[in-house]
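Q: One predicted model, sequence on top.
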Amino acid sequence: MSKPPYRSATGFTLFELLIVIVIAGILALIAAPGWLTFMNSRRANAGRDQVLQLLRQAQSQAIRSRRSQVVTFETPENELPLVTISGIAQKIDGQVVGATPKNFGLEVVDDDPACPGDAGCVIFNDRGNVSKAGTVINITSPAGEGAKRCVIVETLLGAMRSTSGDDCKAS
């Protein structure tokens, strides 16, 4: 009596493989909106931090040089928002590689009436103080909607704070 030859049955059947692919696809569809929200939140945080850093840099420069510093905020059409300090412009990209104008929106609310042109601005005097408190710089990702972060110039002494969401209103 000889034994029948033993056939190894390792691996997956085509049906099992298709089931695994379908399950992975469903999980990806469930996770995608949460991932996009997370990424938009991170971009907005990075943009806000960049604006706050530039404002503090301008304030420090005003104190150090004993000259007024004007920080202007512009949102050119189809370009990333620009912050200009002493004629040097920097794009607000949240330090994201490949950032596009759709990634960031910037809006200045209740800025200094002495601002040149239509651009929003914050003006620091030679002591680092501002003439108009309550200026709010809103950063959104994606532009105009989504995650909202802001920097608020709170006091005439130039104290600034960063916040998010519904707290982005002038005090």
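A: Thanks, I have the structure now. Small disclaimer: the values here were computed from a predicted structure and weren't measured.

Q: Now do the same contact list for residue 52.
A: Going by CB atoms under 8 Å, 6 or more residues apart in numbering, residue 52 touches 151, 160, 162. All C-beta atoms are positioned from the backbone trio N, CA, C, and that covers glycine.

Q: Would it be right to say that the first one lies in a strand?
A: Going back to what we said before, that points to residue 151. Yes - looking at residue 151 with DSSP: H, G, I helix; E, B strand; the rest coil, it is inside a strand.

Q: all strands in the chain, in order from the N-terminus.
A: Remark: strands assigned in the chain by DSSP state E are 69-74, 82-85, 88-91, 105-109, 120-124, 135-141, 147-153, 160-164.

Q: could I get these as JSON lines with mean neighbour count and mean pLDDT?
A: Shown next, in JSON lines, are the strands of the chain (neighbours: other CB atoms under 10 Å; pLDDT from 0 to 100):
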{"stretch": "strand 69-74", "mean neighbour count": "22", "mean pLDDT": "88"}
{"stretch": "strand 82-85", "mean neighbour count": "19", "mean pLDDT": "85"}
{"stretch": "strand 88-91", "mean neighbour count": "12", "mean pLDDT": "83"}
{"stretch": "strand 105-109", "mean neighbour count": "19", "mean pLDDT": "82"}
{"stretch": "strand 120-124", "mean neighbour count": "23", "mean pLDDT": "86"}
{"stretch": "strand 135-141", "mean neighbour count": "25", "mean pLDDT": "85"}
{"stretch": "strand 147-153", "mean neighbour count": "24", "mean pLDDT": "87"}
{"stretch": "strand 160-164", "mean neighbour count": "16", "mean pLDDT": "88"}
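
Q: Out of those strands, which gets nearest to residue 54?
A: Closest to residue 54 of the strands of the chain is strand 82-85 (CB to CB; 5.1 Å).

Q: Against which helices or strands is the closest one packed?
A: helix 14-65, strand 69-74, strand 88-91 (3 or more CB pairs under 8 Å, 6 or more residues apart in numbering; DSSP states H and E).

Q: Could you measure from the residue nearest to residue 67 when sequence neighbours are not counted over to residue 111?
A: Spatial nearest neighbour of residue 67, chain neighbours left out: residue 126 (5.8 Å); criterion: CB to CB, 6 or more residues apart in numbering. Residue 126 is 20 Å from residue 111, where distance means CB to CB, to the nearest Å.
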